[in-house]
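J.: Turn this into a structure:
(chains A and B)
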Amino acid sequence: MGDMMAVEKSGAEILVEALVDCGVEVIFGYPGGAVLPIYDAIFKQKRIRHILVRHEQAATHAAEGYARSTGKPGVVLVTSGPGATNAVTGITDALMDSIPLVIITGQVPTALIGTDAFQEADTVGITRHCTKHNYLVKDPDRLGDIIHEAFHIASTGRPGPVVVDIPKDVQVATGSYAKPGAIAHKAYRPQIKPDSDLIAAAVEMLAAAERPILYTGGGIINAGPGASQMLAELARITGAPVTSTLMGLGSLPASSDQWVGMLGMHGTFEANMAMNRADLIVAIGARFDDRVTGRLDAFSPGSKKIHIDIDRSSINKNIRVDLAIVGDAGRAMEDMVKLWKGRQHKKADLQNWWARIDGWRARRCLDFVESKTEIMPQAAIRALWQASHKRSPIISTEVGQHQMWAAQHFGFEKPNKWLTSGGLGTMGYGLPAAIGAQIGNPKALVIDIAGEASIQMNIQELGTATQYRLPVKVFILNNEYMGMVRQWQELTYAGRYSESYSDALPDFVALAEAYGWKGLRIDDPADLGDGIAAMLGHDGPVMVDCRVAKLANCLPMIPSGAAHTEMILQANEVSGEMDDEAKALV
Amino acid sequence: MKMHAETAERHTLSILVDNEPGILARIAGMFTARGYNIESLTVTDVSEDEAVSRITIVTSGSPHVIEQIIAQTERQVPVHKVTDLTALGPHVERDMALVKVAGTGEHRIEALRLADVYRARVVDATTSSFVFEVTGTSEKVDMFIDLMREVGLVEVARTGVVAIGRGKEAG
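T.: Sure, this is the predicted structure:
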């Protein structure tokens, strides 16, 4: 662009300016040798806030929590070598859960690349398959355009992480930058608008169905709050039951009559039975993950299947479908609703279908045996919901039993309120994700529901919350076991609890206080309500060590390799030893 | 417990990509990461401005796996287009090998005779060796190389498959 003679700036200044132009307000990062020029450029400006984490993995999870709770892409800045490799887990997590992130990594100077220089790692090589796309920038003149393209790729289509690796000399050398117009990538053109003939076919199948079910996923959350409204409308006009994956919780209010709960391995009996007996499944922004389908050859054998997804490769990957619609979930549902109304379809008579569903609901699969002596973990989650739901809290979790109990027993009414590591299942996700969510939503109540094992994987982030005066709450369900591992060992390995006991636990109350947090312990069921109230009432970060029943199992459960109809509902069904075919499944 | 495998069919895919650094690693690595086979892979830039490359991959899998391979490849950001030439039908496939054969007497004469039958050209000769250039389908090249084993094969260099659709349209 010869007519726009931009002033020459350093690569680091170009980066900061391009980030501002991309709407970035906050960066989660950690400095180091190969990003010193960028940190100096950040020091000299006031438009972008930098949040200093304590470990690069936490920077990526914090950015994920920020992105998931605000709908805006999360931005990470880390140094070369260990900075980049530490970030890899969070980058992979974001890829699996379709979270838009832009990760800026420093790199050794161009001339040193390939020489095994100090803190050199092949970041583009290492992250090639755990990013949606990545770049190594070798020319400061290209840097601005690449940053804009990175945000475009991260946040459009099926969102995901994009890494931009910038050698130190490119940060120092000067180049020109002008804010580009709309990005027109040569090859990358995600299909947003669904094919109208296919939408019409879907509407007719839905209108003709006698036992339909809407199977929704994280794609609806990613499609924005309007998509969740469209789901509510589609559910209303069709009268169909709605289930959701772990990632889709909150897209339909849990208080809706049509909500049948989460499906899959730890889903509800009614959701899984309805999936199995349906004559039509409409999958929207969900990907038939193995945790959802159970045994593939027994998955919903009698149904026609419609799959709406923005990622064509997710369609027909695990389950063959009858009608494939590529496009944005919100757009597709909007088109379906319009056409349904335009054709004046009436709500079908689903009375018999709902009667069967109510029969399955009557099994009350989420009920558990209360105890007067021990805090049941399910009861703790319900008490937490009871005390906090009016404040519309943002809930993050770590990974394991507590995560599934939270998914089962905490009712989500709105999208963007539920932050959890679904695809990768990353222990240590919850605390940094809560920090990122609190940064993006300063007035919100943000609670990390944790386990005593997971919380230790990024416990150092207590310091980050202290530094930025973030009033996040960490609610640990402490059963002194890596509970999900222990449960599987009970179920699959005749109770041989190999290395799953959480020995040598810290005093979480003292630990919290050492970081300047308030620490609380609850170990009596009679104190549960007061303890939660004390946590919620404190205007600052609080860590609660909630001592729960040690050997409670997370039920219901579909054992791996089993069908939806083979759910374990009662605790006494969980025991014994499985055959090798079952042991080989994850 | 025994591992079990699926039956596979062979497909030739033609992939147009942005000619950017790491593109080959991106495509080949995706195949490895998802457990897809690569029987042959060739890549070179094919546009006037060197901005676009064509990758030809011969792979194998069940029809379902082939469908996934195409979808997963198209999903890569720098990929413009994936054409399944095998599914498309009529197309031309060529594989080229340079085949070094050493020997004297009857073996040397037999090698020349066979080369003539396979329309292989002599591109280098010494008193005790030849280098043949043979072009054709992979099967033909395989057969030629097998025959040369009996008459003094020394070594082989081979391009792998390149392929293009028939007719006037771009694939």
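J.: Which of the three states applies to B:H11?
T.: The three-state label given to B:H11 by DSSP: H, G, I helix; E, B strand; the rest coil is strand.
J.: what sits against the residue lying closest to it once chain neighbours are set aside?
T.: Computed as C-beta to C-beta, 6 or more residues apart in numbering or on different chains, the closest residue to B:H11 that is not its neighbour in sequence is B:T86, at 4.2 Å. Quick note: C-beta positions are derived from backbone N, CA and C, even for glycine. Residues in contact with B:T86 (C-beta atoms under 8 Å, 6 or more residues apart in numbering or on different chains) are B:9-12.
J.: Show me what the helix or strand where B:V154 lies is packed up against.
T.: In this structure, B:V154 sits in strand B:153-158 according to DSSP states H and E. Contacts defined by 3 or more C-beta pairs under 8 Å, 6 or more residues apart in numbering or on different chains; DSSP states H and E place strand B:153-158 against strand B:91-102, helix B:138-149.
J.: Next, the angle strand B:153-158 makes with the next helix or strand after the first one.
T.: Right, strand B:91-102. Once the chain leaves strand B:91-102, the next helix or strand it forms, by DSSP H and E, is helix B:106-117. Per axes from the mean of the first three to the mean of the last three C-alpha atoms, to 10 degrees, the angle that helix B:106-117 makes with strand B:153-158 is 30 degrees.
J.: so after helix B:106-117, what's the next helix or strand?
T.: Trace forward from helix B:106-117 with DSSP H and E and the next one is strand B:121-126.
J.: So A:A563 sits against A:R295, correct?
T.: Yes: using C-beta atoms under 8 Å, A:A563 is in contact with A:R295, at 4.8 Å.
J.: just to revisit the earlier point, of the contacts of B:T86, which is the most crowded?
T.: Counting neighbours by other C-beta atoms under 10 Å in any protein chain shown, the top entry in these is B:T12, with 22 neighbours.
J.: got the contact list for that residue?
T.: B:56-58, B:84-86, B:91, B:93, B:161, B:163.
J.: Which positions within the strand holding B:V154 qualify as buried?
T.: Applying a neighbour-count criterion of 16 or more other C-beta atoms under 10 Å in any protein chain shown, one finds B:153, B:156, B:158 buried in strand B:153-158.
J.: wait, which of the residues you listed is closest to B:I145?
T.: Closest to B:I145 out of those is B:V156 (5.8 Å), distances taken as C-beta to C-beta.
J.: quick one: the closest one from B:V134, how far?
T.: B:V156 sits 10 Å away from B:V134, taking C-beta to C-beta, to the nearest Å as the criterion.
J.: Quick check: neighbours shared by these two?
T.: Here B:V156 and B:V134 share the contacting residues B:97, B:99, scored by C-beta under 8 Å, 6+ apart.
J.: Can you name the residues of chain A that neighbour chain B?
T.: For chain A, the contact set with chain B under C-beta under 8 Å from any C-beta of the partner chain comprises A:124-125, A:128-129, A:132-133, A:136, A:153, A:185-188, A:311-313, A:315-317, A:320, A:580-581, A:584.
J.: try it again with 6 Å
T.: Proximity of chain A to chain B, by C-beta under 6 Å from any C-beta of the partner chain, involves residues A:128-129, A:133, A:153, A:187-188, A:312-313, A:317, A:580-581.
J.: For the residue of the stretch 401-550 of chain A found nearest chain B, which residues are in contact?
T.: Closest to chain B within the stretch 401-550 of chain A is A:T492: 14.0 Å, counting by C-beta to the nearest C-beta. With contact taken as C-beta atoms under 6 Å, 6 or more residues apart in numbering or on different chains, A:T492 is in contact with A:M578.
J.: Now with 8 Å, please.
T.: If you count contacts by C-beta under 8 Å, 6+ apart, A:T492 has them with A:577-578, A:582-583.
J.: what are the phi and psi values for it?
T.: Dihedral pair for A:T492: phi -110, psi -30, per degrees, to the nearest 10.
J.: on that earlier part again, determine which stretch of the helices and strands packed on strand B:153-158 is the most buried.
T.: Mean neighbours per residue, mean count of other C-beta atoms under 10 Å in any protein chain shown, is largest over the helices and strands packed on strand B:153-158 for strand B:91-102, with a mean of 18.
J.: Who does that strand pair with, and is each partner parallel or antiparallel?
T.: strand B:129-136 (antiparallel), strand B:153-158 (antiparallel), strand B:162-165 (antiparallel) (DSSP bridges).
J.: Let's test this: mean pLDDT of the first one, rounded?
T.: Going back to what we said before, that points to strand B:129-136. For strand B:129-136, mean pLDDT rounds to 98.
J.: three-state assignment of A:A563?
T.: Strictly by three-state DSSP, A:A563 counts as coil.
J.: and the gap between the residue of the stretch 401-550 of chain A closest to chain B and A:E581?
T.: Going from A:T492 to A:E581 by C-beta to C-beta gives 12 Å.
J.: Any chance of the buried residues of strand B:153-158 in TSV with pLDDT as columns?
T.: Formatted as TSV, the buried residues of strand B:153-158 follow (pLDDT from 0 to 100):
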residue	pLDDT
B:L153	97
B:V156	98
B:R158	96
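J.: No more questions from me, cheers.
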